[in-house]
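Visitor: Sequence and predicted model, in that order:
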Amino acid sequence: MVSNEQRRRQLAREKFERQQQRREAAKRKARRRNAVIAAGLAVVLAAGATAYATGVLSGDDKDRTDTAADSAPTPKKGPDPCAKPAPGSPSTKTWKSEPEMTVDKDDKSASYAMALTTTCGSIDVKLDAANAPHTVNSFAFLAKEGFFDHSKCHRLTTAGIYVLQCGDPKGTGQGGPGYTLPDENLKDSRLKGNVYPAGTIAMANTGQPHTGGSQFFLVYQDSQLPPQYTPFGTIGAEGMKTLKKIAGAGEQSGAGDGAPNATVVIDKAAVTKN
């Protein structure tokens, strides 16, 4: 016969096991969610590519899709806080190789800045040519060629990570300049604890080393991400106000990862040397 004490211990053990199972299930769900969102920064940049890496995880796709369908809230679309885009069409240019280096990372007297004039306001960026010379050089080249002009910022994430993704003239997340860039500055001291701090601008990639192209993301709130995306500048105060306005309008899926409700178009991008 089981004593009261033995029964009490058995019930306590069963309760503990149930709690552990719930904790493990919650951890798996959180890991899967964060992996899906982080994978959204992985984009296919090569010209003519047909696969798109966003959200594609082998083995868990069915479970993830079913769970998202059950739990996703109804999308809410607020008023568009942005103006109409300037007249013009997105670029269709591509190049076979990275542009010739014109940025001098050793010139301590030189500083580089990028100004994005968008339909939602200006986004000012101080570029880090000393630690990400290839990336800054590429952006200077692409801006001069008008590659970013009239392009949409196609993705906003508002859960897990907090970024606005831009830099694809196609507006689909599949476009790029035709060449790829080496990873740079991945040991930046600001990336503490695998966090990209608010105000960082960094490169998107395919999830593989040295696959950045033209797509980039702007961090409007501290975001937990592995240090795999080249940080190449810091967003100014005015730019952060613009990003907060865009983020405040939400995204179209209602699930925390989709096209922004705000009509975010880069009317003009310019890189200057001071």
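Guide: Great, that's in hand. Worth saying up front: this structure is predicted, and the values here are computed from it rather than measured.
Visitor: any idea how far stretch 102-112 is from the chain center?
Guide: Relative to its chain's centre, stretch 102-112 lies at 27 Å (CA atoms, centre = their mean, to the nearest Å).
Visitor: try stretch 154-172
Guide: Counting by CA atoms, centre = their mean, stretch 154-172 is centred 6 Å from the centre of its parent chain.
Visitor: Pull out the buried positions in that stretch.
Guide: Buried positions in stretch 154-172, judged by neighbour count with 16 or more other CB atoms under 10 Å: 154-158, 160-169, 171. Heads up, the C-betas are built off the backbone N, CA and C, glycines and all.
Visitor: Show me which of these is closest to residue 235.
Guide: residue 164 (10.3 Å; CB to CB).
Visitor: what's the spacing between that closest one and residue 243?
Guide: Distance of residue 164 to residue 243, computed by CB to CB, to the nearest Å: 6 Å.
Visitor: and for those two, which residues touch both?
Guide: Any residue near both residue 164 and residue 243 by CB atoms under 8 Å, 6 or more residues apart in numbering counts here, and that gives 218, 220.
Visitor: rewinding a little: widest-spaced pair of the buried residues of stretch 154-172?
Guide: 160 and 169 (27.0 Å).
Visitor: Tell me where the stretch 101-250 of the chain has strands.
Guide: Taking DSSP state E, counting those that start in this stretch, the strands of the stretch 101-250 of the chain run over residues 112-118, 121-127, 151-152, 155-159, 161-166, 195-196, 200-203, 216-219, 223-224, 231-235.
Visitor: For the last one, enumerate the helices and strands it packs against.
Guide: Taking 3 or more CB pairs under 8 Å, 6 or more residues apart in numbering; DSSP states H and E as the contact definition, the neighbouring helices and strands of strand 231-235 are strand 121-127, helix 133-144, strand 200-203.
Visitor: Can you lay out these as TSV showing distance to residue 268 and mean neighbour count?
Guide: Output for the helices and strands packed on strand 231-235, formatted as TSV (distance: least, CB to CB, whole Å; neighbours: other CB atoms under 10 Å):
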stretch	distance to residue 268	mean neighbour count
strand 121-127	10	20
helix 133-144	9	22
strand 200-203	17	27
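Visitor: Understood, closing this out.
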